[in-house]
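1. Attaching a predicted model along with its sequence, questions to come.
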Amino acid sequence: MTGYIDPAYEQMPREELEKLFQSYLGEAENHMRKKDYPRALEGYELALEIEPTDKGCLVARSKCYLQLGDSQAALKDAEAALSEDKEFIKGLYQKAEALYQMGDFEMALVFYHRGHKLRTELEEFRLGIQKAQEAIDNSVGSPSKVKLENKGDLSSFYKQDESKQKGKARAGYSKPIKQDDKNKQRDRRNKSQTSDKTCKQLLGELYADKEYLEKLLKDNDLTNQDTDSGKAIYDLVTDGLNYLDTRTDFWRQQKPMYARKRDKEEAKGKGKDKQKPSDPAKYVLKQLEEIDEALADGRPQDALKLAKDTEKTVNKLSDDDLSESSKPDVLSNLQSCMGNAYLDMNKVEQALTHHKEDLKIAEKNNLEDAKSRALDNLGRVYARTGKFQEAIDCWEKKLPMTKSALESTWLYHEIGRCYLELGNFDQALDYGEKSKSAAEEAEDQVWQLNASVLIAQSYVKLNDLQAAIDAFERSLDMAKLQEDEAAVEAITKAIEDTNEKIVQGIKEGDDEEKKDVDETEEEEQVVEEKGDEEAEKGDEEKPVEDKDWSNLAGDKADDDKPSDDDNKDKDSLLDKDE
């Protein structure tokens, strides 16, 4: 940050000042796009309070002043932008534009030439040279038609001056008049020199405003200068009329009536050439700018009509009017504009038709930039209609044509999103990583955030939840740094959902393990119970050994019958007793 900083900002950190500056500048540019020039001017002034010497902001405010009709302030800002760098190309162009609007066509031509010498490839300086030269020719006439004659001397002028001075010396006393009132009276007298018919032609729709203001000026009760309100109304009315008179003079100098009449006479008898623009290149450039502006302002119908009308005119031009190489480029560009207009109107089929025609013209004439643009637009249409594989095919063809890391990061991201939609999560992750690398190379924080979110989403789909949490947390840090509240909210919600999935997965794992244990114990219990039942059943069903139930009593008798040894023992005992 350089230059004087407003004391209110002295205590703020450098990074906060830079963010605030960018915020004011962005708001002002947004108002400029909406043509809300007073509010845009407020934004630029706030931004310049923080950074008074920012060249880009000074040029932007100069453009805003021109839109508000303050060419003096516009010139002052343009010169301030050139104070440190005399070859600042935007400053040179803006100074030339301010001088042109002030009616100083000669000095404007000088700065148009100076810028053209530095940047010969820029069309704006070439067109500026042309329009300034035309304005000079229309004001003083073409040099080839001016004949200078050396007749007489200048003594008559000296005599006239002497007589005027004597007349002034003899003049009597007159009541002094305020300088402001004197200027206004002089301006109103000068105004009367322009006929009403000429004024009406020059002012167009503004002539009705001029008549209304003149009617107010004649109302003595309303513009009575003896009252404060009457004087205020009088000042406002005269200021408005003086402004209209100034514009009338400017437009008369830029294109005088005699010049218009001459152009009409020269245009007679040209037949078909009568409908052709006087400067085809300038006409085409102007039409393309108006088409782009209509698309940016959300007016696709107007853009489509302009593009179709321009296409008809360009097709009628010969190679002499528009070079053989530039004509296909213009037609290709118009096809692209029509395709974009149809897409904004949700007419997808017509959009596809025109973007395909754009690609066809580009390939036929080896227009690499046009081919890259057509593939880009076709991919967008396919992706919007859910044809993700077709979108991938188009964008992958465009990849080798990218000219910047920023363009590559967008392309990688969109291809990754398509793969995510198709369920090819590995490819989505791969393109997310490529997008992040390209964004880091481009030092673009917004696209780093987008790529990081894509990586996190891919991990979620791949069920690598911990890696997804890590990627989401990195994304959250980026979103907070960028103060993107919507992104912070969305990423926080995604982290919560992913954490819930992790917790749910742990619970399901515990439940599954518990279920396995319960099933094992149940199986063991069933086996054990089955074993007991089979054992009991075995005891009940075991067959009794075959016995001769009829001899059971005999066997019992035999068991009770003493053996021979017992009898011998008894006999011996008897013998002893005896």
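-> It's in.
2. Let me know whether E357 touches Q335 as I believe.
-> Yes. Here E357 lies in contact with Q335, judged by C-beta atoms under 8 Å, at a distance of 4.7 Å. Quick note: C-beta positions are derived from backbone N, CA and C, even for glycine.
3. More neighbours: those two, which one.
-> Taking E357 and Q335 together and counting by other C-beta atoms under 10 Å, Q335 has the greater number of neighbours (25 against 18).
4. low-confidence ranges in the stretch 151-300 of the chain?
-> 151-198, 201-202, 247, 249-278 (pLDDT under 70).
5. Please apply the same query to the stretch 1-150 of the chain.
-> Checking the stretch 1-150 of the chain against pLDDT under 70 turns up 1-11, 139-150.
6. Mind jotting down where the strands sit in the protein?
-> Shown for the chain, no strands are assigned by DSSP state E.
7. Can you get me a residue count around the residue nearest to D279 when sequence neighbours are not counted?
-> Closest residue to D279 apart from its sequence neighbours, by C-beta to C-beta, 6 or more residues apart in numbering: Q130 at 6.9 Å. Neighbourhood size, Q130 [other C-beta under 10 Å]: 15.
8. swap in I291?
-> Neighbours of I291 (other C-beta under 10 Å): 26.
9. got it, and G432?
-> 28.
10. just to revisit the earlier point, I'd guessed the residue nearest to D279 sits against L285; true?
-> No. Q130 is beyond contact range of L285, at 11.3 Å (criterion: C-beta under 8 Å).
11. Phi, psi for K403 please.
-> Main-chain torsions, K403, degrees, to the nearest 10: phi -110, psi 0.
12. Now do it against E396, distance only.
-> Shown here: K403 relative to E396, a distance of 17 Å by C-beta to C-beta, to the nearest Å.
13. Who has more neighbours out of these two?
-> E396 (13 against 10).
14. How about the more buried one, nearest residue that isn't a chain neighbour?
-> Of all residues not flanking E396 in the chain, I415 sits nearest, at 6.7 Å (C-beta to C-beta, 6+ apart).
15. doesn't A438 make contact with the one you found?
-> No. Applying C-beta under 8 Å, one finds I415 not in contact with A438, separated by 11.8 Å.
16. Looking at those two, which is more packed in?
-> More crowded of I415 and A438, by other C-beta under 10 Å: I415, with 28 against 24.
17. and that one, what does it touch?
-> 391-392, 395-396, 431 (C-beta atoms under 8 Å, 6 or more residues apart in numbering).
18. Now rank those by neighbours and give me the top one.
-> Result: Y431 is most packed of the contacts of I415 (other C-beta under 10 Å), 27 neighbours.
19. wait, that residue sits on H413?
-> Yes. Between Y431 and H413 there is a contact under C-beta under 8 Å: 7.3 Å.
20. Could you name every residue contacting both of those two?
-> L454.
21. Against Y431, how distant is I392?
-> 9 Å.
22. Find residues that contact each of the two.
-> 415, 419.
23. And the helices in the stretch 101-250 of the chain?
-> Taking DSSP state H, counting those that start in this stretch, the helices of the stretch 101-250 of the chain run over residues 105-118, 123-140, 155-170, 179-191, 196-203, 206-217, 228-254.
24. ok, the closest residue to D484 other than its chain neighbours - contacts?
-> Among residues not flanking D484 along the chain, L449 sits closest, at 7.4 Å (C-beta to C-beta, 6+ apart). Taking C-beta under 8 Å, 6+ apart, we find L449 in contact with 475, 478-479, 482, 484, 487.
25. ok, and the most crowded of these?
-> S475 (26 neighbours).
26. for that residue, what are its contacts?
-> So S475 contacts 449, 452-453, 456, 487, 491 (C-beta under 8 Å, 6+ apart).
27. Could you report the separation of the residue nearest to V314 when sequence neighbours are not counted from D54?
-> Spatial nearest neighbour of V314, chain neighbours left out: V330 (5.5 Å); criterion: C-beta to C-beta, 6+ apart. Distance, V330 to D54, by C-beta to C-beta: 36 Å.
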